[in-house]
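Asks: Structure for this input, please:
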Amino acid sequence: MLRLLAALAAPSWSSDDRVIRIAARVQDGALRLEGTTRPLGVDPRRWRAISAPNRHPGASPTSAAKAAARAPFEEAARAASDAGVDEAVLFDAADFAVEGARTNLIVAAADGTLRTPPLARGAQAGIARELLLERVPELREGDVSRAELGTAVEILAANAVRGVRAIARLDGRSVGNGVPGEWAERLARAFARP
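Replies: Model (predicted):
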């Protein structure tokens, strides 16, 4: 299967690093895979984020997957771009962090716990998130309130393309001491492990 996907993608590759997104959809009763590519682009080691101006839509039958209901994430991503930052954190109606516009969140809280918001809040079951839950025994699902996010020692963003990135600033304020910390390094190593 990987060889087939590589062969299908080959005409789109160039000498620069690229990302391929494969979407599955049903058309005329048949499953179709569609691939698009884009340049990977520059990515800083330390990210800056904002709290999204819009609410996370919450859990639904399709919320764990990247489904068609992308409007809230696109709105949050536009807000991040307009603010000149790398990510936007979405909160639900109860003011709990759910995920980023394009990443899952991991929070090293002031109480010493390492948590990622639960899928029950509507977070997507991202590949990086699942891999880190398997590889890092300290990482658990758990709610993270807006207040806890404001006092976090580290906030990390994870996705399959970018890996693990430290969010060093949230809403203009430093997270922890403003540099990638121990958990950023440890989770990055765990993600990169074959």
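Asks: So, low pLDDT: which residues of the chain?
Replies: For the chain, residues meeting the criterion pLDDT under 70 lie at 1-2, 4-23, 36-41, 66-68.
Asks: Do a quick rundown of the strands in it.
Replies: Counting by DSSP state E, one finds strands in the chain at the ranges 18-27, 30-39, 46-51, 87-91, 97-100, 104-108, 114-116, 139-141, 154-159, 163-170, 173-174.
Asks: Give me the contact list for the fourth one.
Replies: The one in question is strand 87-91. Identification of contacts with strand 87-91 by Cβ atoms under 8 Å, 6 or more residues apart in numbering yields 47-52, 54-56, 72-73, 76-77, 79-80, 97-103, 105, 146, 149, 157, 167, 170. From N, CA and C alone the C-beta is placed, and that goes for glycine too.
Asks: May I have the strands that pair with it, each with its orientation?
Replies: Here strand 87-91 has these sheet partners by DSSP bridges: strand 46-51 (parallel), strand 97-100 (antiparallel).
Asks: Make a markdown table out of the ones you listed and add mean neighbour count and distance to R135.
Replies: Shown next, in a markdown table, are the strands paired with strand 87-91 (neighbours: other Cβ atoms under 10 Å; distance: least, Cβ to Cβ, whole Å):
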| stretch | mean neighbour count | distance to R135 |
| --- | --- | --- |
| strand 46-51 | 20 | 22 |
| strand 97-100 | 28 | 19 |
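Asks: right, so of these, which gets closest to E34?
Replies: Checking the strands paired with strand 87-91 against E34 by Cβ to Cβ gives strand 97-100 as the closest, at 24.1 Å.
Asks: OK, contacts around the closest residue to P72 other than its chain neighbours?
Replies: Among residues not flanking P72 along the chain, P57 sits closest, at 5.2 Å (Cβ to Cβ, 6 or more residues apart in numbering). P57 sits next to S63, A69, P72, G122 when contact means Cβ under 8 Å, 6+ apart.
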